[in-house]
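Structure of the sequence below:
(chains A and B)
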Amino acid sequence: SQTIHQWPATLVQPVGSPLSLECTVEGTSNPNLYWYRQAAGRGLQLLFYSVGIGQISSEVPQNLSASRPQDRQFILSSKKLLLSDSGFYLCAWTYRQGTSPLHFGNGTRLTVT
Amino acid sequence: KQEVTQIPAALSVPEGENLVLNCSFTDSAIYNLQWFRQDPGKGLTSLLLIQSSQREQTSGRLNASLDKSSGRSTLYIAASQPGDSATYLCAVLRDDKIIFGKGTRLHILP
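I've put the predicted structure just below:
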């Protein structure tokens, strides 16, 4: 069976520090991978998605970047965090967008102080 | 432009009652519709996926229906329990994008 792992679960970082959140999927190959941010009262915001190694699409211009160095690994990064980067970050995967179900990790609660 | 709406934003129901959560979408050109549950501080857990060719899907006490022509999906929860308290989100799945509603926060009163 397929599983998705996301870490860390919580993170407190000062303004201006770097960020690296990691997500890995097991039990499947060539998944579509997604990074979402969820802010209170604002719903899910798609940040990045990837259909393959090295292929990243950005939905919203921001202080963040994403990379996919391996087939089942998706990394969310920032060189310098802003206060506005605080939020709940969720990684997700699907085998084929639109026709296969979407599965989420447990999320990372990021607080920028 | 596809929009997904979930009304009401919050709902409180006494334990044991049957209830219906609503999800509406503006563009009927969808592939599938998926219902999720989210507990506070947790990720989204997939509940049911309804393919565009189907009218409903069932899992235990949950039944989800889909009416593409009217742009509506409902999630029916039978014999509600306090453990059903969570936020329920629906998502319209297309090959070009996935669009989420903002969810209905459900509270089951013991």
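
Isn't residue A:28 up against residue A:93?
Yes. Applying Cβ atoms under 8 Å, one finds residue A:28 in contact with residue A:93, separated by 7.5 Å. The way it works is simple: take the backbone N, C-alpha and C, and place the C-beta from them, glycine included.

Which neighbours do these two have in common?
The overlap between the contact sets of residue A:28 and residue A:93 (Cβ atoms under 8 Å, 6 or more residues apart in numbering or on different chains) consists of residue A:2.

of all the residues in chain B, which ones are close to chain A?
Applying Cβ under 8 Å from any Cβ of the partner chain, we find that chain B lies next to chain A at B:31-32, B:34, B:36, B:41-46, B:49, B:51, B:89, B:91, B:93-96, B:98, B:100-103.

repeat that with 6 Å
Residues of chain B lying close to chain A by Cβ under 6 Å from any Cβ of the partner chain are B:31, B:34, B:43-44, B:46, B:49, B:93-95, B:100, B:102.

I would like a ChimeraX command selecting only the buried ones among those residues, please.
Listed next is the ChimeraX selection for buried residues among these, using 16 or more other Cβ atoms under 10 Å in any protein chain shown:
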select /B:31,34,43,44,49,93,94,100,102
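
what's the neighbour count on residue A:103?
22 (other Cβ atoms under 10 Å in any protein chain shown).

who's it bridged to?
residue A:93 (DSSP bridges).

how much space is there between it and residue B:15?
As judged by Cβ to Cβ, to the nearest Å, residue A:103 and residue B:15 stand 30 Å apart.

quick one, strands of chain B?
All strands of chain B, identified by DSSP state E, fall at B:4-5, B:10-14, B:19-25, B:32-38, B:44-51, B:56-59, B:62-67, B:72-77, B:86-93, B:98-100, B:104-109.

Export the ones you listed as CSV, with columns for mean pLDDT and distance to residue A:23.
Converted to CSV, those look like this (pLDDT from 0 to 100; distance: least, Cβ to Cβ, whole Å):
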stretch, mean pLDDT, distance to residue A:23
strand B:4-5, 96, 24
strand B:10-14, 97, 30
strand B:19-25, 97, 27
strand B:32-38, 96, 17
strand B:44-51, 96, 14
strand B:56-59, 96, 26
strand B:62-67, 97, 27
strand B:72-77, 97, 27
strand B:86-93, 96, 19
strand B:98-100, 93, 17
strand B:104-109, 97, 26
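
could you dump these to a markdown table with distance to residue A:16?
A markdown table is the format used below for these (distance: least, Cβ to Cβ, whole Å):
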| stretch | distance to residue A:16 |
| --- | --- |
| strand B:4-5 | 37 |
| strand B:10-14 | 37 |
| strand B:19-25 | 41 |
| strand B:32-38 | 31 |
| strand B:44-51 | 31 |
| strand B:56-59 | 47 |
| strand B:62-67 | 46 |
| strand B:72-77 | 43 |
| strand B:86-93 | 33 |
| strand B:98-100 | 31 |
| strand B:104-109 | 35 |
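
Compare those strands and report which one is nearest to residue A:22.
Nearest to residue A:22, of all the strands of chain B, is strand B:44-51, at 18.8 Å by Cβ to Cβ.

Neighbouring strands - and their directions - for that closest one?
With DSSP bridges as the test, strand B:44-51 is paired with strand B:32-38 (antiparallel).
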